[in-house]
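Novice: Build me a model from this:
(4 chains)
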Number of protein chains: 2
Amino acid sequence: MKSELTIGDVARESGVKVPTIRYYEQIGLLPEPPRTDGNRRFYDQKGLRRLAFIRHARELGFEVSAIRTLLALQDDPAQPCATADAIAKARLVEVEQRIASLMALKAELEVMVEECRHGRLAECRVIEVLADHGKCMHDHH
Amino acid sequence: MKSELTIGDVARESGVKVPTIRYYEQIGLLPEPPRTDGNRRFYDQKGLRRLAFIRHARELGFEVSAIRTLLALQDDPAQPCATADAIAKARLVEVEQRIASLMALKAELEVMVEECRHGRLAECRVIEVLADHGKCMHDHH
DNA sequence: CTACATCCTCTAGCGACTAGAGGAGCAAGA
DNA sequence: TCTTGCTCCTCTAGTCGCTAGAGGATGTAG
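Specialist: I've put the predicted structure just below:
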C-alpha cells in the first residue's frame, strides 16, 4: 500500500475523475493536500477515504451542501447523529418520490411505444400523446 | 377562447413560466411570435399547443435536443414514426435504469436510517456506510 | 390620473461538473 | 542522453435548463 498517492492514483482508486477532485478541492470539500517538489498534489489513505466518502454520498444523490454537513459531523464524532440521520431520511423521502414519479412516467412511455405501430406519424402515438396531455392515462404530473 | 394570447396567458395555460418561454424562443424551440404595436409577444392556439407539447415532453424527461427532433417530425408528418419511436424507447430504457438504481439506493438509505439508533456518531451507520462502500448490501454502483 | 401589474431586453448566476489551452515534470526505452 | 508520451499544473470558459435581477416601457383598473 503506497503512502504517497498521486491525484491519478486516487482518481483510479476512488473512481472520481482527476478534474473533479481538483474541483472538490476548489469548493472546499477536500482540504488542500501537500505538494511534491515538482508542485504535484499527493494524498495519503485518509485523503483517499474522504474522497471515497464523497463519491459514495454523491452516488446516493446527496447534494454537495449535505455532504459538507456530513463531513463536518464525521470530523467531530462527539455529536449526536440526529443530524446525519435527518439528512439521510430527507434524502430517502426524495428518492421515494422520485421513484413513484418515474414509475408513472415509465407506464406512460410504455403506452406510447406500445401503441406506435410503425405507421405514419399522422397516427403516431408518441407525438400524439406528447401533444395532448389529456391522452395520458395517469394524472401524476 | 381568446385568439390573441399574451405571454402571461400562455404561461398560465401551459404551466411554463414566462422567462422559460422566452428562453425556449431564444434557443429556437419556439418560433418568434408576432408582436403587438407595443412590442409585446402574442400567441395563438397553435403556439399554445406547441408549448404544451414541449412541457409534456420535458416532464417526461426528454432533453431539449430530443424535443427539437420530435417537433421537426411533428412539423413534417409524412415521415415514418420510427424516429419518434426510437427516441421514446431510448428514454424508456433510461427511466428503467434510473428506477433500478434508485431502488437499490432506497434499500441502502433504509438500512442506514434503520440502524441509526440515535446513539453517538462514533457508531452512526449513516456516516459509517457512507465512509465505507464495502458495508453496502448491494453492489449496484 | 395614478397605481400597479405585466411586459420588454439584457446580463449574470445556479449546481456539479467537463473541456480545452498552454505549459511543466517525470519515467522508460533507444 | 535524448526523446517520446503520459501525467500533472493553472486558468478560463462551456455544458444544461433554467432562474433571478436590473432597469425601463406599456397596459389596465379604479
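Novice: how about the helices of chain A, start to end?
Specialist: Along chain A, counting by DSSP state H, helices occupy A:7-14, A:18-26, A:45-59, A:64-75, A:82-115, A:125-131.
Novice: Tell me the residues of chain A that contact DNA strand D?
Specialist: Selection of chain A residues close to DNA strand D by CB under 7 Å from any atom of the strand yields A:Thr6, A:Ile7, A:Gly8, A:Asp9, A:Ala11, A:Val18, A:Pro19, A:Arg22, A:Asn39, A:Arg40, A:Arg41. Just so you know, the C-beta spots here come from the backbone N, C-alpha and C atoms, and that holds for glycine as well.
Novice: Could you write me a PyMOL select line covering just the buried ones among the residues you listed?
Specialist: In PyMOL, this line selects whichever of the residues of chain A next to DNA strand D come out buried by 16 or more other CB atoms under 10 Å in any protein chain shown:
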select buried, chain A and resi 7+11+41
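Novice: in chain A, which ranges drop under the pLDDT threshold?
Specialist: By pLDDT under 70, the low-scoring segments of chain A are A:1-2, A:77-80, A:116-125, A:133-141.
Novice: Which one of the helices of chain A lies nearest to B:Arg98?
Specialist: Minimum separation from B:Arg98 across those (CB to CB) falls at helix A:82-115, 6.0 Å.
Novice: one step back: most packed of the helices of chain A?
Specialist: helix A:125-131 (a mean of 23; mean count of other CB atoms under 10 Å in any protein chain shown).
Novice: gap between that helix and the chain center?
Specialist: With CA atoms, centre = their mean, to the nearest Å as the basis, helix A:125-131 stands 31 Å off its chain's centre.
Novice: same question, stretch A:19-34
Specialist: On CA atoms, centre = their mean, the centre of stretch A:19-34 falls 17 Å from the chain's centre.
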